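Novice: Predicted model follows, preceded by the sequence.
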Amino acid sequence: MDDYFKKVLLWLEDTKNLAPEVCDWIGIYYKESYLLNSTSTDLVIGPYLGEETEHTRISIDRGFCGMALREERTVNVADVTSDSTHIACSLKTRSELVVPIADNNGNFVAELDIDCNRLNAFSKELEKTFQEAVKSFPLLNN
């Protein structure tokens, strides 16, 4: 698993470089069922770049991260402070973009989570850039 996480970390560094000005925190959350072959629907943190977070496990029923995988759609929030759905990993975060990641069978198994300390950080163009980037995400067993 260490080699796999090294690949993911390299992928995150490349992905952050697509728009470093908006990536104050960038990381991957996995469905626990995919990562650890369990029956849990919780999300567990994988590699990330940025400040440490205490949110290493998130119920799929909570937050924008849960929403993205539960609803199988990108979640782009211009002002996280205006929405009670937000789980504050950092009090500095003002905008968030969460892009679900599908495996080769079309099952959503993980997500790219990006936090920015500026309001309205993620334009539709940037959203599309990151949606395109997740197509090259290194999946397990590939």
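Specialist: Cool, the structure landed. Treat the numbers as computed from the prediction; the structure is a model and nothing was measured.

Novice: if I look at His55, how far off is Thr15?
Specialist: Using C-beta to C-beta, to the nearest Å, one gets 20 Å for the distance from His55 to Thr15. Bear in mind the C-beta positions are built from the backbone N, C-alpha and C, glycine included.

Novice: of these two, who's got more company?
Specialist: Between His55 and Thr15, counted using other C-beta atoms under 10 Å, the more crowded position is Thr15 (22 against 17).

Novice: Thr93 falls within a helix, correct?
Specialist: No. Checked against DSSP: H, G, I helix; E, B strand; the rest coil, Thr93 lies outside a helix; its state is coil.

Novice: Tell me which residues touch it, please.
Specialist: Going by C-beta atoms under 8 Å, 6 or more residues apart in numbering, Thr93 touches Asp24, Trp25, Val80, Asp115, Cys116, Asn117.

Novice: phi, psi of it?
Specialist: When read as degrees, to the nearest 10, the backbone of Thr93 gives phi -60, psi 130.

Novice: does Met67 count as helix, strand or coil?
Specialist: Per three-state DSSP, Met67 ends up helix.
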